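Chemist: Quick check, what structure comes out for this input:
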Amino acid sequence: MVTDPIAFLSERIRFGIKPGLASMEALMTETGNPEKCCPVIHLAGTNGKGSTASFIASVLTEHGFKTALYTSPHLVYLNERIRLNGNTIPDAAFCRILESIRKPSEEMGMTFFEIVTAAAFLWFREQSPDFAVVETGLGGRLDATNIVDPVVSVITSVGFDHTEHLGTTLQAIASEKAGIIKTGKPVICADLPPEALGVVRSAANEKQAQLTVVRSRKPGYLARNADLAEAVISQLGKSGLIRLDSGKIRAGILNMPENTGLQGRFQRLKDGVREIILDAAHNPDGIKVLKELFRFYFGSRQPVLVFGCVGGKDSITMLRELRDLADEIHLTVPLLNRGNTPGMLKVQADSLGFSASSYPDFKQAYEAVRFIHRDRPIVICGSLYLLGEAISLFSNLKMVKIAPGGLTMNQ
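Modeler: Residues are numbered from 1 along each chain as shown. Take a look at the predicted model:
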(Lines give C-alpha, C1' and ligand atoms only; values in the text may rest on other atoms or scores of the structure.)
Protein backbone atom coordinates (compact mmCIF):
# COMPACT_ATOMS: atom_id res chain seq x y z
CA MET A 1 0.00 0.00 0.00
CA VAL A 2 1.10 3.58 -0.62
CA THR A 3 1.81 4.96 2.82
CA ASP A 4 0.95 8.50 1.71
CA PRO A 5 -0.76 8.58 -1.69
CA ILE A 6 -1.48 12.27 -1.42
CA ALA A 7 2.20 13.05 -0.90
CA PHE A 8 3.04 10.86 -3.91
CA LEU A 9 0.54 12.57 -6.19
CA SER A 10 1.32 16.04 -4.83
CA GLU A 11 4.97 15.50 -5.67
CA ARG A 12 3.99 14.78 -9.28
CA ILE A 13 2.33 18.19 -9.61
CA ARG A 14 5.77 19.76 -10.07
CA PHE A 15 5.91 18.09 -13.48
CA GLY A 16 3.03 20.36 -14.51
CA ILE A 17 1.31 19.73 -17.84
CA LYS A 18 3.30 17.55 -20.21
CA PRO A 19 1.49 17.16 -23.55
CA GLY A 20 2.21 13.90 -25.31
CA LEU A 21 1.21 10.26 -25.23
CA ALA A 22 4.54 8.42 -25.06
CA SER A 23 4.54 7.85 -21.28
CA MET A 24 0.91 6.81 -21.17
CA GLU A 25 1.32 4.42 -24.09
CA ALA A 26 4.38 2.85 -22.45
CA LEU A 27 2.65 2.40 -19.09
CA MET A 28 -0.52 1.04 -20.65
CA THR A 29 1.52 -1.48 -22.64
CA GLU A 30 3.42 -2.50 -19.51
CA THR A 31 0.16 -3.04 -17.60
CA GLY A 32 -1.64 -4.99 -20.34
CA ASN A 33 -3.58 -2.14 -21.99
CA PRO A 34 -6.39 -1.66 -19.46
CA GLU A 35 -7.75 1.21 -21.57
CA LYS A 36 -9.07 -1.47 -23.96
CA CYS A 37 -11.18 -3.19 -21.31
CA CYS A 38 -14.52 -2.02 -22.75
CA PRO A 39 -16.11 0.28 -25.35
CA VAL A 40 -15.21 3.93 -24.63
CA ILE A 41 -17.06 7.17 -25.30
CA HIS A 42 -14.42 9.93 -25.41
CA LEU A 43 -15.20 13.62 -24.87
CA ALA A 44 -13.28 16.85 -25.44
CA GLY A 45 -14.40 20.46 -25.24
CA THR A 46 -13.73 23.80 -23.61
CA ASN A 47 -16.92 23.65 -21.56
CA GLY A 48 -19.62 21.05 -21.00
CA LYS A 49 -17.49 17.90 -20.90
CA GLY A 50 -18.36 16.96 -17.35
CA SER A 51 -22.11 17.39 -17.62
CA THR A 52 -22.35 15.77 -21.07
CA ALA A 53 -20.23 12.82 -19.92
CA SER A 54 -22.41 12.49 -16.82
CA PHE A 55 -25.62 12.57 -18.87
CA ILE A 56 -24.25 9.81 -21.13
CA ALA A 57 -23.16 7.70 -18.16
CA SER A 58 -26.51 8.20 -16.42
CA VAL A 59 -28.51 7.07 -19.47
CA LEU A 60 -26.30 4.00 -19.89
CA THR A 61 -26.78 3.17 -16.21
CA GLU A 62 -30.57 3.50 -16.58
CA HIS A 63 -30.34 1.01 -19.48
CA GLY A 64 -28.83 -1.48 -17.04
CA PHE A 65 -25.21 -1.19 -18.14
CA LYS A 66 -22.29 -1.22 -15.76
CA THR A 67 -20.86 2.20 -16.60
CA ALA A 68 -17.48 3.66 -15.73
CA LEU A 69 -16.99 7.44 -15.71
CA TYR A 70 -13.74 9.45 -15.67
CA THR A 71 -13.93 13.23 -15.24
CA SER A 72 -11.79 16.07 -13.92
CA PRO A 73 -11.12 18.01 -11.85
CA HIS A 74 -12.66 16.87 -8.58
CA LEU A 75 -14.53 19.23 -6.27
CA VAL A 76 -13.90 17.75 -2.83
CA TYR A 77 -12.45 14.23 -3.02
CA LEU A 78 -9.91 12.97 -5.53
CA ASN A 79 -12.00 9.78 -5.81
CA GLU A 80 -14.76 11.78 -7.57
CA ARG A 81 -12.79 11.57 -10.81
CA ILE A 82 -13.18 7.78 -11.04
CA ARG A 83 -16.68 6.31 -10.74
CA LEU A 84 -18.65 3.19 -11.53
CA ASN A 85 -22.44 3.56 -11.71
CA GLY A 86 -22.08 6.72 -9.65
CA ASN A 87 -19.93 5.15 -6.91
CA THR A 88 -16.43 6.52 -6.46
CA ILE A 89 -13.33 4.36 -6.39
CA PRO A 90 -12.68 3.21 -2.79
CA ASP A 91 -9.63 4.63 -1.02
CA ALA A 92 -8.07 1.19 -0.57
CA ALA A 93 -8.34 0.31 -4.26
CA PHE A 94 -7.02 3.72 -5.29
CA CYS A 95 -4.02 3.42 -2.99
CA ARG A 96 -3.28 -0.15 -4.08
CA ILE A 97 -3.33 0.79 -7.76
CA LEU A 98 -1.17 3.85 -7.17
CA GLU A 99 1.40 1.63 -5.46
CA SER A 100 1.35 -0.80 -8.39
CA ILE A 101 2.35 1.93 -10.87
CA ARG A 102 4.44 4.11 -8.63
CA LYS A 103 7.85 2.87 -9.73
CA PRO A 104 7.33 2.97 -13.52
CA SER A 105 5.51 6.30 -13.34
CA GLU A 106 8.38 7.84 -11.38
CA GLU A 107 10.93 6.41 -13.78
CA MET A 108 9.05 7.92 -16.73
CA GLY A 109 8.55 11.29 -15.04
CA MET A 110 4.79 11.05 -15.40
CA THR A 111 2.51 13.89 -14.36
CA PHE A 112 -0.25 13.92 -11.77
CA PHE A 113 -2.95 13.71 -14.45
CA GLU A 114 -1.24 10.88 -16.32
CA ILE A 115 -0.96 8.81 -13.14
CA VAL A 116 -4.58 9.35 -12.11
CA THR A 117 -5.72 8.54 -15.65
CA ALA A 118 -3.73 5.32 -15.61
CA ALA A 119 -5.20 4.43 -12.22
CA ALA A 120 -8.70 4.97 -13.61
CA PHE A 121 -8.15 2.58 -16.51
CA LEU A 122 -6.61 -0.04 -14.21
CA TRP A 123 -9.57 0.11 -11.82
CA PHE A 124 -12.06 0.04 -14.66
CA ARG A 125 -10.47 -3.17 -15.95
CA GLU A 126 -10.85 -4.75 -12.52
CA GLN A 127 -14.54 -3.82 -12.47
CA SER A 128 -15.32 -5.13 -16.01
CA PRO A 129 -17.69 -2.35 -17.06
CA ASP A 130 -19.88 -2.51 -20.15
CA PHE A 131 -18.91 1.04 -21.14
CA ALA A 132 -16.49 3.74 -20.02
CA VAL A 133 -17.22 7.44 -20.52
CA VAL A 134 -13.91 9.33 -20.49
CA GLU A 135 -13.39 13.09 -20.44
CA THR A 136 -10.15 14.71 -21.59
CA GLY A 137 -8.25 16.84 -19.14
CA LEU A 138 -6.82 19.46 -21.51
CA GLY A 139 -7.22 19.78 -25.26
CA GLY A 140 -7.49 16.38 -26.87
CA ARG A 141 -4.79 15.50 -29.39
CA LEU A 142 -2.01 15.21 -26.80
CA ASP A 143 -4.16 14.60 -23.73
CA ALA A 144 -3.31 11.55 -21.60
CA THR A 145 -6.76 10.07 -22.23
CA ASN A 146 -6.23 10.04 -26.00
CA ILE A 147 -4.77 6.55 -25.90
CA VAL A 148 -8.30 5.16 -26.11
CA ASP A 149 -9.89 3.91 -29.32
CA PRO A 150 -13.46 5.12 -28.76
CA VAL A 151 -16.65 3.82 -30.29
CA VAL A 152 -17.74 7.46 -30.58
CA SER A 153 -15.94 10.77 -30.04
CA VAL A 154 -17.70 13.87 -28.72
CA ILE A 155 -16.75 17.56 -28.90
CA THR A 156 -18.91 19.62 -26.58
CA SER A 157 -17.67 23.16 -27.28
CA VAL A 158 -14.73 25.19 -28.52
CA GLY A 159 -13.83 28.45 -26.80
CA PHE A 160 -10.90 30.37 -25.37
CA ASP A 161 -9.26 28.69 -22.39
CA HIS A 162 -5.77 27.29 -21.75
CA THR A 163 -4.58 29.31 -24.74
CA GLU A 164 -0.96 28.99 -23.60
CA HIS A 165 -1.22 25.26 -24.39
CA LEU A 166 -3.89 25.03 -27.09
CA GLY A 167 -3.39 28.13 -29.22
CA THR A 168 -4.83 31.62 -29.42
CA THR A 169 -7.39 31.15 -32.20
CA LEU A 170 -10.58 29.11 -32.31
CA GLN A 171 -9.19 27.21 -35.29
CA ALA A 172 -6.08 26.18 -33.36
CA ILE A 173 -8.07 25.16 -30.28
CA ALA A 174 -10.56 23.24 -32.43
CA SER A 175 -7.69 21.38 -34.07
CA GLU A 176 -6.48 20.19 -30.66
CA LYS A 177 -10.00 19.10 -29.64
CA ALA A 178 -10.50 17.34 -32.99
CA GLY A 179 -7.41 15.27 -32.23
CA ILE A 180 -9.66 12.78 -30.42
CA ILE A 181 -11.42 11.85 -33.69
CA LYS A 182 -10.42 8.36 -34.78
CA THR A 183 -10.40 6.83 -38.25
CA GLY A 184 -13.77 5.41 -39.24
CA LYS A 185 -15.35 6.11 -35.84
CA PRO A 186 -18.38 8.43 -35.56
CA VAL A 187 -17.98 11.87 -34.03
CA ILE A 188 -20.72 14.02 -32.55
CA CYS A 189 -20.30 17.69 -31.80
CA ALA A 190 -22.32 20.65 -30.61
CA ASP A 191 -23.17 23.57 -32.89
CA LEU A 192 -19.71 25.14 -32.76
CA PRO A 193 -18.66 28.58 -34.02
CA PRO A 194 -18.25 28.39 -37.83
CA GLU A 195 -14.45 28.66 -37.79
CA ALA A 196 -14.21 25.83 -35.23
CA LEU A 197 -16.82 23.65 -36.91
CA GLY A 198 -14.95 23.92 -40.20
CA VAL A 199 -11.82 22.50 -38.54
CA VAL A 200 -13.76 19.64 -36.94
CA ARG A 201 -15.51 18.86 -40.22
CA SER A 202 -12.18 18.75 -42.08
CA ALA A 203 -10.67 16.44 -39.45
CA ALA A 204 -13.69 14.13 -39.64
CA ASN A 205 -13.51 14.02 -43.42
CA GLU A 206 -9.80 13.29 -43.35
CA LYS A 207 -10.37 10.36 -41.01
CA GLN A 208 -13.51 9.16 -42.78
CA ALA A 209 -15.44 9.64 -39.55
CA GLN A 210 -19.15 10.29 -39.80
CA LEU A 211 -19.90 13.70 -38.25
CA THR A 212 -23.19 14.61 -36.59
CA VAL A 213 -23.75 18.23 -35.51
CA VAL A 214 -26.33 18.70 -32.76
CA ARG A 215 -28.12 22.03 -33.03
CA SER A 216 -30.13 22.57 -29.86
CA ARG A 217 -31.95 25.80 -29.13
CA LYS A 218 -33.08 24.97 -25.61
CA PRO A 219 -32.31 27.55 -22.92
CA GLY A 220 -29.35 26.77 -20.72
CA TYR A 221 -26.22 24.77 -21.32
CA LEU A 222 -27.38 21.78 -19.27
CA ALA A 223 -30.36 21.26 -21.58
CA ARG A 224 -28.13 21.59 -24.63
CA ASN A 225 -25.60 19.16 -23.18
CA ALA A 226 -28.44 16.73 -22.47
CA ASP A 227 -29.42 16.94 -26.15
CA LEU A 228 -25.80 16.23 -27.10
CA ALA A 229 -25.78 13.21 -24.79
CA GLU A 230 -29.02 11.92 -26.33
CA ALA A 231 -27.41 12.12 -29.77
CA VAL A 232 -24.49 10.04 -28.49
CA ILE A 233 -26.87 7.43 -27.07
CA SER A 234 -28.73 7.37 -30.39
CA GLN A 235 -25.44 6.73 -32.18
CA LEU A 236 -24.70 3.82 -29.85
CA GLY A 237 -28.09 2.43 -30.79
CA LYS A 238 -27.40 2.83 -34.52
CA SER A 239 -24.07 1.05 -34.01
CA GLY A 240 -25.87 -1.89 -32.41
CA LEU A 241 -24.12 -1.43 -29.05
CA ILE A 242 -27.30 -0.81 -27.08
CA ARG A 243 -31.02 -1.32 -27.50
CA LEU A 244 -32.61 2.09 -27.08
CA ASP A 245 -35.42 2.67 -24.61
CA SER A 246 -36.91 6.18 -24.75
CA GLY A 247 -38.21 5.94 -21.19
CA LYS A 248 -34.77 5.05 -19.87
CA ILE A 249 -33.20 7.87 -21.89
CA ARG A 250 -35.57 10.35 -20.23
CA ALA A 251 -34.94 8.84 -16.80
CA GLY A 252 -31.19 9.02 -17.32
CA ILE A 253 -31.37 12.71 -18.22
CA LEU A 254 -33.65 13.56 -15.29
CA ASN A 255 -31.75 11.45 -12.75
CA MET A 256 -28.24 12.41 -13.85
CA PRO A 257 -27.12 14.13 -10.60
CA GLU A 258 -28.32 11.21 -8.49
CA ASN A 259 -26.88 8.60 -10.87
CA THR A 260 -23.44 10.18 -11.24
CA GLY A 261 -22.89 12.53 -8.30
CA LEU A 262 -22.18 15.52 -10.55
CA GLN A 263 -22.41 18.83 -8.71
CA GLY A 264 -21.78 22.49 -9.41
CA ARG A 265 -23.59 22.93 -12.74
CA PHE A 266 -26.11 25.70 -12.03
CA GLN A 267 -26.74 23.78 -8.82
CA ARG A 268 -29.46 25.45 -6.75
CA LEU A 269 -29.26 25.18 -2.97
CA LYS A 270 -31.10 26.77 -0.06
CA ASP A 271 -29.58 28.40 3.02
CA GLY A 272 -32.82 28.82 4.91
CA VAL A 273 -35.02 30.69 2.43
CA ARG A 274 -32.03 32.16 0.58
CA GLU A 275 -31.24 30.60 -2.79
CA ILE A 276 -27.62 29.86 -3.70
CA ILE A 277 -26.38 28.91 -7.15
CA LEU A 278 -23.11 27.05 -7.65
CA ASP A 279 -21.81 27.12 -11.20
CA ALA A 280 -18.68 25.67 -12.77
CA ALA A 281 -18.19 28.64 -15.15
CA HIS A 282 -14.43 29.24 -15.16
CA ASN A 283 -13.77 30.97 -18.50
CA PRO A 284 -15.52 33.69 -20.53
CA ASP A 285 -17.73 31.30 -22.51
CA GLY A 286 -18.78 29.59 -19.30
CA ILE A 287 -19.71 32.92 -17.73
CA LYS A 288 -21.78 33.82 -20.81
CA VAL A 289 -23.91 30.68 -20.51
CA LEU A 290 -24.21 31.22 -16.75
CA LYS A 291 -25.61 34.69 -17.51
CA GLU A 292 -28.05 33.21 -20.02
CA LEU A 293 -29.35 30.67 -17.53
CA PHE A 294 -29.58 33.20 -14.70
CA ARG A 295 -31.64 35.56 -16.85
CA PHE A 296 -33.88 32.66 -17.92
CA TYR A 297 -34.76 31.81 -14.32
CA PHE A 298 -34.46 35.16 -12.55
CA GLY A 299 -35.17 37.77 -15.21
CA SER A 300 -33.67 41.19 -14.46
CA ARG A 301 -32.99 40.54 -10.76
CA GLN A 302 -29.46 41.21 -9.55
CA PRO A 303 -27.56 38.38 -7.82
CA VAL A 304 -25.04 38.69 -5.04
CA LEU A 305 -21.87 37.64 -6.87
CA VAL A 306 -19.05 35.69 -5.23
CA PHE A 307 -16.24 35.21 -7.73
CA GLY A 308 -12.76 33.73 -7.56
CA CYS A 309 -10.37 32.12 -10.00
CA VAL A 310 -6.84 30.78 -10.22
CA GLY A 311 -3.97 32.58 -11.91
CA GLY A 312 -3.63 32.28 -15.66
CA LYS A 313 -7.37 32.65 -16.31
CA ASP A 314 -8.90 35.50 -18.33
CA SER A 315 -10.37 37.04 -15.19
CA ILE A 316 -10.85 40.53 -16.64
CA THR A 317 -13.10 39.20 -19.41
CA MET A 318 -15.05 37.03 -16.98
CA LEU A 319 -15.57 40.01 -14.69
CA ARG A 320 -16.64 42.16 -17.63
CA GLU A 321 -19.30 39.57 -18.48
CA LEU A 322 -20.50 39.44 -14.86
CA ARG A 323 -20.80 43.22 -14.79
CA ASP A 324 -23.98 42.80 -16.86
CA LEU A 325 -25.56 40.91 -13.96
CA ALA A 326 -24.74 43.09 -10.95
CA ASP A 327 -23.13 46.30 -9.70
CA GLU A 328 -21.55 44.65 -6.66
CA ILE A 329 -19.11 41.75 -6.42
CA HIS A 330 -17.33 39.86 -3.64
CA LEU A 331 -13.93 38.45 -4.54
CA THR A 332 -11.70 35.70 -3.22
CA VAL A 333 -9.41 33.00 -4.60
CA PRO A 334 -9.36 29.23 -4.08
CA LEU A 335 -6.61 27.74 -1.94
CA LEU A 336 -4.97 26.50 -5.13
CA ASN A 337 -4.66 30.05 -6.46
CA ARG A 338 -1.66 29.66 -8.81
CA GLY A 339 -0.37 33.12 -8.01
CA ASN A 340 -3.70 34.96 -8.04
CA THR A 341 -4.86 37.13 -5.13
CA PRO A 342 -8.14 38.77 -4.12
CA GLY A 343 -6.38 42.12 -4.36
CA MET A 344 -5.45 41.52 -7.98
CA LEU A 345 -9.06 40.66 -8.81
CA LYS A 346 -10.28 43.76 -6.95
CA VAL A 347 -8.12 46.04 -9.09
CA GLN A 348 -9.71 44.53 -12.20
CA ALA A 349 -13.24 44.73 -10.75
CA ASP A 350 -12.76 48.36 -9.71
CA SER A 351 -11.65 49.24 -13.24
CA LEU A 352 -14.95 47.85 -14.56
CA GLY A 353 -17.08 49.93 -12.23
CA PHE A 354 -17.98 47.26 -9.70
CA SER A 355 -18.44 48.03 -6.05
CA ALA A 356 -15.95 45.33 -5.06
CA SER A 357 -14.95 43.72 -1.78
CA SER A 358 -12.19 41.14 -1.34
CA TYR A 359 -11.63 38.37 1.21
CA PRO A 360 -8.69 36.05 1.90
CA ASP A 361 -10.73 32.82 1.51
CA PHE A 362 -14.13 31.54 0.51
CA LYS A 363 -15.40 31.01 4.04
CA GLN A 364 -14.89 34.66 4.92
CA ALA A 365 -16.42 35.75 1.62
CA TYR A 366 -19.53 33.68 2.26
CA GLU A 367 -19.87 34.88 5.85
CA ALA A 368 -19.76 38.45 4.52
CA VAL A 369 -22.54 37.94 1.95
CA ARG A 370 -24.72 35.43 3.74
CA PHE A 371 -27.03 37.97 5.33
CA ILE A 372 -26.88 40.94 2.92
CA HIS A 373 -29.40 41.65 0.15
CA ARG A 374 -31.45 38.71 1.33
CA ASP A 375 -33.96 39.19 -1.47
CA ARG A 376 -31.26 38.30 -4.03
CA PRO A 377 -29.86 34.87 -4.91
CA ILE A 378 -26.15 34.30 -4.31
CA VAL A 379 -24.17 33.15 -7.35
CA ILE A 380 -20.78 31.50 -6.77
CA CYS A 381 -18.59 30.99 -9.84
CA GLY A 382 -15.15 31.41 -11.42
CA SER A 383 -13.38 28.18 -10.49
CA LEU A 384 -14.16 24.52 -9.93
CA TYR A 385 -11.64 24.63 -7.08
CA LEU A 386 -13.64 27.44 -5.46
CA LEU A 387 -16.81 25.37 -5.87
CA GLY A 388 -15.10 22.49 -4.09
CA GLU A 389 -14.41 24.73 -1.11
CA ALA A 390 -17.99 26.00 -1.20
CA ILE A 391 -19.43 22.47 -1.28
CA SER A 392 -17.21 21.43 1.64
CA LEU A 393 -18.48 24.38 3.68
CA PHE A 394 -22.10 23.84 2.66
CA SER A 395 -21.93 20.16 3.58
CA ASN A 396 -20.97 21.23 7.10
CA LEU A 397 -23.98 23.56 7.10
CA LYS A 398 -26.19 20.58 6.03
CA MET A 399 -27.10 22.36 2.78
CA VAL A 400 -25.67 19.71 0.45
CA LYS A 401 -24.71 16.06 0.75
CA ILE A 402 -21.29 14.77 -0.27
CA ALA A 403 -19.56 11.42 0.04
CA PRO A 404 -18.67 10.64 3.67
CA GLY A 405 -14.96 10.43 2.88
CA GLY A 406 -12.20 10.13 0.35
CA LEU A 407 -8.72 11.28 -0.58
CA THR A 408 -8.31 15.05 -0.56
CA MET A 409 -5.82 17.32 -2.27
CA ASN A 410 -5.92 20.67 -4.02
CA GLN A 411 -5.42 19.75 -7.68
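Chemist: where exactly do the strands run in the stretch 51-200 of the chain?
Modeler: In the stretch 51-200 of the chain, the strands defined using DSSP state E, counting those that start in this stretch lie at 67-70, 82-84, 87-88, 131-135, 152-155, 187-190.
Chemist: Provide the secondary structure category for Gln235.
Modeler: helix (DSSP: H, G, I helix; E, B strand; the rest coil).
Chemist: what mean pLDDT would you report for the helix or strand encompassing Leu387?
Modeler: For Leu387, the host element (DSSP states H and E) is helix 384-396. Helix 384-396 carries an average pLDDT of 92.
Chemist: about what we covered before: would you list the strands of the stretch 51-200 of the chain in JSON lines and tack on mean pLDDT, distance to Ile180 and mean neighbour count?
Modeler: Using the backbone N, CA and C atoms, a C-beta is placed for each residue, glycine as well. Formatted as JSON lines, the strands of the stretch 51-200 of the chain follow (pLDDT from 0 to 100; distance: least, Cβ to Cβ, whole Å; neighbours: other Cβ atoms under 10 Å):
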{"stretch": "strand 67-70", "mean pLDDT": "98", "distance to Ile180": "14", "mean neighbour count": "29"}
{"stretch": "strand 82-84", "mean pLDDT": "97", "distance to Ile180": "20", "mean neighbour count": "24"}
{"stretch": "strand 87-88", "mean pLDDT": "95", "distance to Ile180": "25", "mean neighbour count": "18"}
{"stretch": "strand 131-135", "mean pLDDT": "98", "distance to Ile180": "10", "mean neighbour count": "26"}
{"stretch": "strand 152-155", "mean pLDDT": "98", "distance to Ile180": "5", "mean neighbour count": "30"}
{"stretch": "strand 187-190", "mean pLDDT": "97", "distance to Ile180": "8", "mean neighbour count": "26"}
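Chemist: Reformat those as TSV; add distance to Arg274.
Modeler: Formatted as TSV, the strands of the stretch 51-200 of the chain follow (distance: least, Cβ to Cβ, whole Å):
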stretch	distance to Arg274
strand 67-70	32
strand 82-84	31
strand 87-88	30
strand 131-135	33
strand 152-155	37
strand 187-190	34
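Chemist: Which among these is found nearest to Lys363?
Modeler: strand 87-88 (25.0 Å; Cβ to Cβ).
Chemist: So what's the residue count around Pro90?
Modeler: Neighbourhood size, Pro90 [other Cβ atoms under 10 Å]: 14.
Chemist: can you pull the contacts of it?
Modeler: Asn79 (Cβ atoms under 8 Å, 6 or more residues apart in numbering).
Chemist: Which strands or helices does the helix holding Leu387 pack on?
Modeler: Other helices and strands packing on helix 384-396, by 3 or more Cβ pairs under 8 Å, 6 or more residues apart in numbering; DSSP states H and E, are strand 274-278, helix 362-369, strand 378-381.
Chemist: Include mean pLDDT and distance to Gly343 when you put these into TSV, please.
Modeler: As requested, those are exported to TSV (pLDDT from 0 to 100; distance: least, Cβ to Cβ, whole Å):
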stretch	mean pLDDT	distance to Gly343
strand 274-278	94	24
helix 362-369	96	14
strand 378-381	98	19
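Chemist: ranges for the helices of the stretch 101-250 of the chain?
Modeler: 112-127, 163-166, 170-177, 194-206, 221-238, 246-254 (DSSP state H, counting those that start in this stretch).
Chemist: Please work out which of those helices is packed deepest.
Modeler: Neighbour counts (mean count of other Cβ atoms under 10 Å) averaged over each of those peak at helix 112-127, with a mean of 24.
Chemist: how far does that helix sit from the chain's center?
Modeler: 17 Å (Cα atoms, centre = their mean, to the nearest Å).
Chemist: what packs against that helix?
Modeler: Partner elements for helix 112-127 (3+ Cβ pairs under 8 Å, 6+ apart): helix 5-12, helix 22-30, strand 67-70, strand 82-84, helix 91-107.
Chemist: most neighbours per residue, which of the ones you listed?
Modeler: strand 67-70 (a mean of 29).
Chemist: Please list the outside residues in contact with that one.
Modeler: In contact with strand 67-70 (Cβ under 8 Å, 6+ apart) are residues 38, 53-54, 57, 60-61, 81-86, 117, 120, 124, 127, 129-135, 145, 260.
Chemist: on that earlier part again, of the helices and strands packed on helix 112-127, which is nearest Gly237?
Modeler: strand 67-70 (15.5 Å).
Chemist: gap between that closest one and the chain center?
Modeler: Using Cα atoms, centre = their mean, the offset of strand 67-70 from its chain centre is 13 Å.
Chemist: Tell me which strands it pairs with, and in which orientation.
Modeler: Using DSSP bridges, strand 67-70 pairs in its sheet with strand 82-84 (antiparallel), strand 131-135 (parallel).
Chemist: who wins for proximity to His373 among these?
Modeler: Nearest of the strands paired with strand 67-70 (Cβ to Cβ): strand 131-135, 36.3 Å.
Chemist: Helix 112-127 and that closest one, what's the angle between them?
Modeler: Relative orientation of strand 131-135 and helix 112-127, computed by axes from the mean of the first three to the mean of the last three Cα atoms, to 10 degrees: 170 degrees.
Chemist: Strand 131-135 vs helix 221-238, what angle?
Modeler: 140 degrees.
Chemist: ends of stretch 212-222, how far apart?
Modeler: 19 Å (Cα to Cα, to the nearest Å).
Chemist: what is the mean pLDDT for it?
Modeler: The model assigns stretch 212-222 a mean pLDDT of 87.
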